[in-house]
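Student: output the structure for:
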Amino acid sequence: MKVSAGNLLQQINYPSDLKQLKEEDLKQLSQELRQYIIDVVSVNGGHFGASLGVVELTVALHYVLNTPYDQLIWDVGHQAYGHKILTGRREIFDTNRVHGGISGFPKRAESEYDSFGVGHSSTSISAALGMAVASQYKGETDRQHVAVIGDGSMGAGLAFEALNHAGIENSNLLVILNDNNMSIDPNVGALKEYLTDISTSKQYNRFRDDIAKMLSKISSIGPDAFKMAQKIEKSIKGTLLKKSNFFEALKFRYFGPIDGHDVEHLVKVLQDLRDIPGPKLLHCVTVKGKGYALAEKDQTKWHAPGLFDKITGEIKKTVYDKPQPPKYQDVFGHTIIELAEKNPKIMGITPAMPSGCSLNLMMKAMPKRAFDVGIAEQHAVTFSAGLATQGLVPFCNIYSSFMQRAYDQVIHDVAIQKLNVVFCLDRAGLAGADGPTHHGAYDLAYMRCIPNMIVSAPMNEEELRNLMFTAQQDNMGPFVIRYPRGNGVMVDWQRPMKALPVGKGRKICDGEDVAILSIGAIGNEVVKAFTELNSEGYHPAHYDMRFVKPLDEALLHEVFTQFDKVITVEDGCLQGGMGSAVVEFMSDHNYRARVIRLGIPDQIIEHGEQPELWAECGYNAHSIAAQVRNIAVKRTTQTIAS
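Tutor: The predicted model follows:
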């Protein structure tokens, strides 16, 4: 749906147009930009609160910087809607996150203004430092490099590593800390407390303003006076707020905190900082959801609310005439509480996604047994390993795509030591509109090659509960359960749980001529395909593998003894996935069969709704049925009976 922009915003196609405005016009432009984001997202969906919180900062940055020559990196990328609108994408912003449209995150292939692709958090300082060092090496001394890091990203290990390195390089780098005290859920950790101390210290902020005026007069005298001014500044900061020298201890010049919603003041500060060499950090205090009252009040809910009425704030939900299956994440959230009530060893861990994975339910019910460790996947895994060494059973819930960031810890700290850590990988498979940075494409492949690891995928909600029940049994060892984003297939899902035999699949239905082997929830697309196929006289067999490691060898012997045509189906990468495991088994045991592997091909899959992407990759119900027609013998009921 097309939305009209305000009068000033209509004149801005690129930052060069923005620079034609007077500074006093920037406040009005910011209001129009904020309203445009509200108007478009309310009818098309997408992330919401984060971009509203950086509207003034976005305007000021593009007003002062010479983008794209000056390099601007947004971390995390869902802050960047205003950036996209001001850099040539206003007219197509309604295609944001739509299949075939623009990405919901900055993307180098999409625009020269997107200096770096950012979907996962905490990468901006490292990337900007690399760019700054490259510019220094090439003699581009006038080039600016700015990393805008916010929504909890500063608390991640990678950000600290980059700060530690940047402090000794003396490159032209500006880090802007967008401090809104939020990620998706409220920030946690000591850094959050430290930043709160700075931003709320009345004494520090009052003296800071006075000292800033005094230093500006001293520094105008000459270079020696400027050095003296720097010493005075550091001394006063250390005296008034002993914690305030954290960034300066890393050899960053610290400025702030300042109001991140005062666009004219931001412009002046950025103009001043542009002329100061070396690594600098500007601390901006902002409000996530700024300018939309409901989003300011409930920032977690309005992080990505879906479609909503911008006037009333009512979030639009599909009304069903009968009960619907739950989301897999909610099945996890309720089931872990059921298990923990009976097993005092169970603990819950997530890296900054408590509402996204539904561990927030356990955090409320059992606050001493559930932990949000911040955007720190590596720490989440090794923290879980530490718990496991003491006889506890941690359920470490991390999105499949984010688990990639902790791969060394999975191997080194969990698998080698055979610790009973249960990895619940949410958003496994093609995750939808968030696109390639968030697809959980690789977990089956990267987990099944690790010794001591059990790797499983439930076909439905009951299977998820049973696998969770199985994983907390004594001496189980490292255990992976991967499941997709979105709703399941069972309305009646809260059934009594039972232990499943590890490494054993199940036969869904007998059949003739072709065997289809599926793993995980994508097996429900196979079931849909059977409705189409059976009416046409095709009757393949269907097996749910359940486990990709260990494989059900007895089941596979049965399959390859009875069938010379096999189709494997997985919502994961074909290289190294379940289909590869089946082919390896076939080769190792000298079977001969025609095997067609359906899954994510060896390419980057862009964004879109899950059914659109399954169809694009060739493993939705219709595509599965087409593959069966290509290789199977069409049989009538009488033929089978005979």
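Student: any idea how many residues pack against Ala109?
Tutor: For Ala109, the neighbour count with other Cβ atoms under 10 Å is 9. C-beta: built from backbone N, CA, C; applies to glycine.
Student: secondary structure element holding it?
Tutor: With elements delineated by DSSP states H and E, Ala109 resides in a region that no helix or strand encompasses.
Student: for Met363, give its distance to Phe371.
Tutor: Using Cβ to Cβ, to the nearest Å, one gets 8 Å for the distance from Met363 to Phe371.
Student: go on, Val393?
Tutor: Distance of Val393 to Phe371, given as Cβ to Cβ: 14 Å.
Student: can you list residues touching both of the two?
Tutor: Met347 (Cβ atoms under 8 Å, 6 or more residues apart in numbering).
Student: Met363 and Phe371: which has the busier surroundings?
Tutor: More neighbours sit around Phe371 than around the other of Met363 and Phe371, counting by other Cβ under 10 Å; the figures are 23 against 20.
Student: what touches both of Met363 and Phe371?
Tutor: The contact lists of Met363 and Phe371 share Gly348, where a contact means Cβ under 8 Å, 6+ apart.
Student: now find how far off-centre the longest strand seen in the chain is within its chain.
Tutor: Secondary structure of the chain read by DSSP state E shows that its longest strand is strand 565-573. Using Cα atoms, centre = their mean, to the nearest Å, the mean C-alpha position of strand 565-573 is found 26 Å from that of the whole chain.
Student: cool, and stretch 605-625?
Tutor: On Cα atoms, centre = their mean, the centre of stretch 605-625 falls 21 Å from that of its chain.
Student: who touches that stretch?
Tutor: Contact partners of stretch 605-625, identified using Cβ under 8 Å, 6+ apart, comprise 97-101, 103-104, 429-436, 439, 441, 484-486, 516, 522, 525-526, 528-529, 532-533, 538, 567, 569-571, 598-601.
Student: how does the protein divide into domains?
Tutor: The domain map for the chain lists 7-201+241-297, 328-482, 506-641, with the assignment taken from automatic domain parsing.
Student: picking that back up, keeping just the C-alphas, turn the following helix or strand past the longest strand of the chain into CSV.
Tutor: Scanning forward in sequence from strand 565-573, with DSSP H and E defining helices and strands, the next element found is helix 578-588. Listed in CSV are the C-alpha atoms of helix 578-588, where the atom choice follows Å, rounded to 0.1, in the frame of the first residue of the first chain:
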residue,chain,number,x,y,z
MET,A,578,19.9,-34.9,6.2
GLY,A,579,19.9,-35.8,2.6
SER,A,580,23.7,-36.0,2.5
ALA,A,581,23.6,-38.2,5.6
VAL,A,582,21.2,-40.6,3.8
VAL,A,583,23.4,-40.7,0.7
GLU,A,584,26.5,-41.4,2.8
PHE,A,585,24.6,-44.3,4.5
MET,A,586,23.6,-45.6,1.1
SER,A,587,27.2,-45.5,-0.1
ASP,A,588,28.7,-47.0,3.0
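Student: Ile149 falls within a strand, correct?
Tutor: Yes - using DSSP: H, G, I helix; E, B strand; the rest coil, the secondary structure at Ile149 is a strand.
Student: give me the neighbour count for it.
Tutor: Ile149: 29 surrounding residues under other Cβ under 10 Å.
Student: let me see the contact set for it.
Tutor: Applying Cβ under 8 Å, 6+ apart to Ile149 gives the contacts 75, 122, 124-125, 159, 175-178.
Student: so which of these wins on neighbours?
Tutor: Highest neighbour count within those: Asp75, with 31 neighbours (other Cβ under 10 Å).
Student: with adjacent residues omitted, what lies nearest to it?
Tutor: Once flanking residues are discounted, Asp75 sits nearest to Ser124: 3.1 Å by Cβ to Cβ, 6 or more residues apart in numbering.
Student: going along the chain, name the strands of the stretch 151-300 of the chain.
Tutor: With DSSP state E, counting those that start in this stretch applied, the stretch 151-300 of the chain shows strands at 174-179, 253-259, 280-285, listed in chain order.
Student: so what's the nearest residue to Lys316 once chain neighbours are set aside up against?
Tutor: Nearest residue to Lys316, sequence neighbours excluded (Cβ to Cβ, 6+ apart): Leu307, at 4.4 Å. When contacts are counted by Cβ under 8 Å, 6+ apart, Leu307 is found next to 42-45, 315-316.
Student: grab the two from the residues you listed that are most spread out in space.
Tutor: Between all members of the contacts of Leu307, the longest pairwise span (Cβ to Cβ) is found for Asn44 and Ile315 and amounts to 13.9 Å.
Student: what part of the protein, helix or strand, is modelled with the least confidence?
Tutor: The element with the least model confidence among the helices and strands of the chain, by mean pLDDT, DSSP states H and E, is helix 637-641, at a mean of 42.
Student: what about Ala457, how many residues close to it?
Tutor: 32.
Student: residue contacts, the nearest residue to it once chain neighbours are set aside?
Tutor: Nearest residue to Ala457, sequence neighbours excluded (Cβ to Cβ, 6+ apart): Gly520, at 3.3 Å. By Cβ under 8 Å, 6+ apart, the residues touching Gly520 are 428-429, 457-459, 482-484, 570-572.
Student: what about those, which are in strands?
Tutor: Here DSSP E is the test, and the contacts of Gly520 give 482, 570-572 as lying in strands.
Student: ranking by neighbours, what's the top pick from the residues you listed?
Tutor: Asp571 (32 neighbours).
Student: model confidence for the residue nearest to it when sequence neighbours are not counted, exactly?
Tutor: When the adjacent residues along the chain are set aside, Asp571 lies closest to Gly429, with 3.2 Å between them (Cβ to Cβ, 6+ apart). The confidence metric pLDDT takes the value 97 at Gly429.
Student: neighbours of Gly429, just the number please.
Tutor: By other Cβ under 10 Å, the burial measure for Gly429, its neighbour count, is 30.
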